[in-house]
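S.K.: okay, predicted coordinates and the sequence, questions at the end:
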Amino acid sequence: MLYDQHHRPLRNLRLSVTDRCNLRCSYCMPEPDYLWLPREDILQFEEIDRLTDLFIGLGVDKVRLTGGEPLLRRDLPDLVARLAQKPGLRDLALTTNGVLLAPAAAALKAAGLHRVTVSLDTLQADRFEALTRSNELGRVLEGIATAAPIFPGLKLDTVVMRGINDDELVPLMAFARHHGAEIRFIEYMDVGGATHWSPDRVVSRDEILAHLGAHYGPIVPVGKQDSAPADRYRLPDGTIFGIVSSTTAPFCAACDRSRLTADGQWFLCLYGSRGLDLRGPLRGGADDEAIAGALRGVWHARTDRGAEARLAAGHRGLIPVDSLRRDPHLEMHTRGG
Ligand code: SAM
Ligand code: SF4
Ligand code: SF4
């Protein structure tokens, strides 16, 4: 196992397969237009496959496919099938906005995908439209209804924003329970792309617990799953849910994650400003040992604890929009969350 300077293992890889998206969520892609990664730079499945093998060789055993919207990537089940065959991968998951999930769910399951998480911030059509600048809520709900029986243990991720959707915690909880899904409420983060972020929009874990407790009665902590970022809780009726307190109580000390962008840049922290270019060596004929050696060196030197640093700095100084416009790699939709 490979450890960094805080004794954090390299274990969890978020694989972004595209930076394109069919939604425009206000906390991720609020701008009217974006600088997209050049198509010729997007890694082919063979290239992703080879890099994944190198990561597995260094200790990665969990991969999450993300984006942008990963289901926009044509033939995604083919990539899933390649990855699912790797004995070293203990967990193969997908995070999606759900718009294209209903027609894809069965093929993804057949290809060997283990788990699915759908992002869902509201159940109200007008709000969905205001939040995502699209009217696809119906297709998202259909995606969840279709995928829930195919992927037992389906998860729903909800970014909670004050004055926007913080009055929907109970309806969203009920919706998740109805589908046998586990919901996770995520604190709004000041990541690249979240140019409308402000501290007063953040609904903290404590507030979320107080709100739910007032409705349901006493809530009991049940501990985390593995190195997952969510703290998990149980309602009096036994329903389990999670809260990801990335903003008010970050979990950087246990962070085992890194992210590969669709064009082959390897980023560690979500807040990191530079990644390691893997596409260049990959396409330039570097052998496996050379690439693995570079990965080893970067992880070994890792010291970043981005969300803790943001908290300590009082969340001052979002990445300026001009910088985001110049470098798509700084954006949440390129990093894959
Ligand atoms: N498009 C897919 C989706 O939305 O599920 C996958 C990519 S998206 C970048 C991954 C996750 O990042 C989503 O669950 C989204 O809600 C989350 N996210 C994006 N911006 C965020 C922010 N400012 N704060 C908290 N979570 C955010
Ligand atoms: Fe929304 Fe995900 Fe698309 Fe970002 S990448 S705009 S979070 S659907
Ligand atoms: Fe890991 Fe960075 Fe997120 Fe902290 S902010 S948990 S170090 S990715």
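M.R.: Here it is on my side, so go on. Numbering: from 1, shown residues only. Ligands and ions are numbered 1, 2, ... in the order given.
S.K.: drop to CA atoms for contacts and neighbour counts, all remaining ones
M.R.: Will do.
S.K.: the closest residue to D288 other than its chain neighbours is in what secondary structure piece?
M.R.: In this structure, D288 finds its nearest non-sequential neighbour in L54, 7.1 Å apart by C-alpha to C-alpha, 6 or more residues apart in numbering. Per DSSP states H and E: L54 is located in helix 45-57.
S.K.: and the residue nearest to D288, what's its pLDDT?
M.R.: According to the prediction, L54 has pLDDT 98.
S.K.: and it, how close does it get to V63?
M.R.: 13 Å (C-alpha to C-alpha, to the nearest Å).
S.K.: the more surrounded of these two?
M.R.: For the pair L54 and V63, the greater number of neighbours falls to V63 (25 against 18), based on other C-alpha atoms under 10 Å.
S.K.: what bridges to the more buried one?
M.R.: V63 forms beta bridges with L13, L92, as assigned by DSSP bridges.
S.K.: surely it touches L92?
M.R.: Yes - V63 is within contact range of L92, at 5.1 Å (criterion: C-alpha atoms under 8 Å).
S.K.: dump stretch 300-316 to PDB, keeping only the CA atoms.
M.R.: Presented in PDB, the C-alpha positions along stretch 300-316 are these (Å, rounded to 0.1, in the frame of the first residue of the first chain):
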ATOM      1  CA  HIS A 300       4.100   9.900  -1.600                       C
ATOM      2  CA  ALA A 301       4.700  13.700  -1.500                       C
ATOM      3  CA  ARG A 302       1.100  14.500  -1.000                       C
ATOM      4  CA  THR A 303       0.300  16.900   1.900                       C
ATOM      5  CA  ASP A 304      -2.900  18.700   0.700                       C
ATOM      6  CA  ARG A 305      -5.900  19.100   3.000                       C
ATOM      7  CA  GLY A 306      -7.900  21.500   0.900                       C
ATOM      8  CA  ALA A 307     -11.200  21.700   2.600                       C
ATOM      9  CA  GLU A 308      -9.500  22.100   6.000                       C
ATOM     10  CA  ALA A 309      -7.400  24.900   4.600                       C
ATOM     11  CA  ARG A 310     -10.500  26.600   3.200                       C
ATOM     12  CA  LEU A 311     -12.200  26.400   6.500                       C
ATOM     13  CA  ALA A 312      -9.200  27.800   8.300                       C
ATOM     14  CA  ALA A 313      -8.900  30.600   5.800                       C
ATOM     15  CA  GLY A 314     -12.600  31.500   6.400                       C
ATOM     16  CA  HIS A 315     -13.500  30.500   2.900                       C
ATOM     17  CA  ARG A 316     -12.100  33.700   1.500                       C
END
